[in-house]
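Asker: sequence and predicted structure below; questions after.
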Amino acid sequence: MTRRVVITGVGAVTPLGVGAQPLIERWAAGECGIEDGFGRCREFEPLDFLSKKEARRADRFTQLAIVAAAEALAQAGGEDGLPYEAHRVGCVIGTGIGGLPSLEEQTRKLIESGEKAVSPLAVPLMMGNAAAAAVAMRHDLHGHTYGVVSACAAGAHALGDASRIIRAGDADAVVSGGAEAAITGVATAAFGAMEATSPTGISRPFDARRDGFVMGEGAGVLVLEEKEAAEARGAEILGELLGYGATCDGFHLTAPQPEGTEAARAIGLAISDAGLAATDVDYVNAHGTSTPLNDRSETVALKAALGECAGDIPVSSTKSAIGHLLGAAGAVEAIATVEALRRRTAPPTVGWEEAEEGLDLDYVPGSAKPIENGDGPLVAISNSFGFGGHNAVLCLAA
Amino acid sequence: MATQVSTENVEKTIYDGLVELGTERDELSREASLEDLDIDSLDLVELAQIVEDEFGVELRGDDVKDVKTVGEVIDLVVSKAA
């Protein structure tokens, strides 16, 4: 019998605030959390949520994940927590880079003061699986637990893998998402050196004037559960993770394949994994980075995968409101997608004004618009593409 | 120049260090057990780094593996310096 995967809790810390609700409500209202060219989580104060010791032992990306996971688990399980055996609950959390602020600080200490100055916490702070480890420790989770590293596709890969773990019968629930806090000197300089980031500091995906992405930080964590078990315990079901498609361009270290062939294949795989057809898709949450290359190749891929209906489906990019959260993006955007479907509203691609030849989908300019398709559940795809040519697409319903 | 080792100096450094690592100051005493204070092996390695910076006394993991109370840590540092 096929096991299905539902979403029973969501939690987020983003440049639009602490919590999943500020994310969807403020984005749907057309607000933007980017200031001075960065999407920082300015409202996030670690010591509001963590003990001094917990905060010291967690790099910022881990701190963000801990807070997002606590919100998601509180929604899913309330005060009693999830009613499953601890070894039947896993934790899979992606990141693009991991604890880069810690790595940079410890490198500075090594250079300035020698190896005895390097902290014994350096490795557990910077390791890419630190967020998954910290969340599992805090909530006593003993199932499949690890980090996923696939650049800007990590959050989506984590959720896709987590859904596979549940479908395979290896877990009844997985706490899964992505986290990133890489607005550091090295990362900012490096993305700038490769001309990936916006020199104007403006994120305007699919707009003719787009000139690169805006670095953001944050975390998104979801509680995924096996559908029958969630229903049996009377959990409120927020949405369903219906399908997952993952491919690799095998083309270039950083540039997407211009024809979007493998991205389109990932979209098609996610839709067919869900047992659906392109005509069933009501909304697309685009990767939409605001780089010249991505937004063009993604548009080509969407047209290839969705065919004639591509032009009728609202396509919007969360990155227009929060910037690019790298390894957290796929998870934060999955939350935004589910919450958008629940509200039957496509939030806008904030700031979109000027069309470019060939970029002619409905990018939801101006303000949010209703997603119209009767009264039943709505279906969306959420795209994530990472450096290395990694493509991960989720098919979600709510 | 390392600070002169005296029980008083070491106690102050260790108390300040443990507060820096997240322990509440009003829970600290010579008799307080490391386990009750939630001080684990990682804390002790960090504390050893602070002690070495301050007094030039090197503590290895083996040195601290059997200590149970804050007072024993203080005494260990003082005796190592002697």
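Answerer: Arrived safely.
Asker: poorly predicted segments of chain A, please.
Answerer: Chain A contains residues with pLDDT under 70 at A:1.
Asker: what does it put close to chain B?
Answerer: A:51, A:52, A:53, A:54, A:56, A:57, A:116, A:119, A:120, A:121, A:124 (Cβ under 8 Å from any Cβ of the partner chain). Where C-beta positions appear, they are placed from N, C-alpha and C, glycine not excepted.
Asker: got phi/psi on the residue in chain B positioned nearest to chain A?
Answerer: Of all residues in chain B, residue B:22 sits closest to chain A, at 3.0 Å by Cβ to the nearest Cβ. In this entry, residue B:22 is assigned phi and psi values of phi 120, psi 0 (degrees, to the nearest 10).
Asker: for residue A:122, what are its contacts?
Answerer: Residues counted as contacts of residue A:122 (Cβ atoms under 8 Å, 6 or more residues apart in numbering or on different chains) are A:102, A:103, A:106.
Asker: one more pass at 10 Å, please.
Answerer: Shown in contact with residue A:122 (Cβ atoms under 10 Å, 6 or more residues apart in numbering or on different chains): A:99, A:102, A:103, A:105, A:106, A:107, A:109, A:110.
Asker: quick one: which of those residues is nearest to residue A:281?
Answerer: Nearest to residue A:281 out of these is residue A:99 (Cβ to Cβ; 36.8 Å).
Asker: surely the closest one meets residue A:131?
Answerer: Yes. Using Cβ atoms under 10 Å, residue A:99 makes contact with residue A:131 at a distance of 9.1 Å.
Asker: looking at the two, which one has more neighbours?
Answerer: More neighbours surround residue A:131 than the other of residue A:99 and residue A:131, with 36 against 27 (other Cβ atoms under 10 Å in any protein chain shown).
Asker: the more buried one against residue A:149, yeah?
Answerer: No. With contact defined as Cβ under 10 Å, residue A:131 does not count as touching residue A:149 (11.3 Å).
Asker: list the residues that contact both of the two?
Answerer: Taking Cβ under 10 Å, 6+ apart as the contact rule, residue A:131 and residue A:149 both touch A:94, A:95, A:98, A:158, A:327.
Asker: residue A:14: how many residues sit nearby?
Answerer: By other Cβ under 10 Å, 34 other residues sit near residue A:14.
Asker: what's across from it in the sheet?
Answerer: residue A:17 (DSSP bridges).
Asker: let me see the domain layout of chain A.
Answerer: The record's domain parsing of chain A by automatic domain parsing lists A:5-239, A:242-397.
Asker: chain center to the last one, what's the gap?
Answerer: Centroid separation between domain A:242-397 and its chain, computed with Cα atoms, centre = their mean, to the nearest Å, is 12 Å.
Asker: do the same with the first one
Answerer: A distance of 8 Å separates the centroid of the chain from that of domain A:5-239, by Cα atoms, centre = their mean.
Asker: end-to-end on it?
Answerer: Distance between the two ends of domain A:5-239: 9 Å, counting by Cα to Cα, to the nearest Å.
Asker: go on, stretch A:381-398?
Answerer: 12 Å.
Asker: now swap in stretch A:144-161 and tell me
Answerer: Stretch A:144-161: ends 10 Å apart by Cα to Cα.
Asker: in contact with the residue of chain B closest to chain A, which residues?
Answerer: Counting by Cβ under 10 Å, 6+ apart, residue B:22 has contacts A:50, A:51, A:52, A:53, A:54, A:55, A:56, A:57, B:37, B:38, B:39, B:43.
Asker: again, but for residue A:151
Answerer: By Cβ under 10 Å, 6+ apart, residue A:151 lies in contact with A:94-97, A:157, A:254, A:326-327, A:329, A:384-390.
Asker: for the least confident helix or strand in chain B by mean pLDDT, name the packing helices and strands.
Answerer: Least confident helix or strand of chain B, by mean pLDDT, DSSP states H and E, is helix B:61-64 with a mean of 86. Counting contacts by 3 or more Cβ pairs under 10 Å, 6 or more residues apart in numbering or on different chains; DSSP states H and E, helix B:61-64 packs against helix B:41-55, helix B:70-81.
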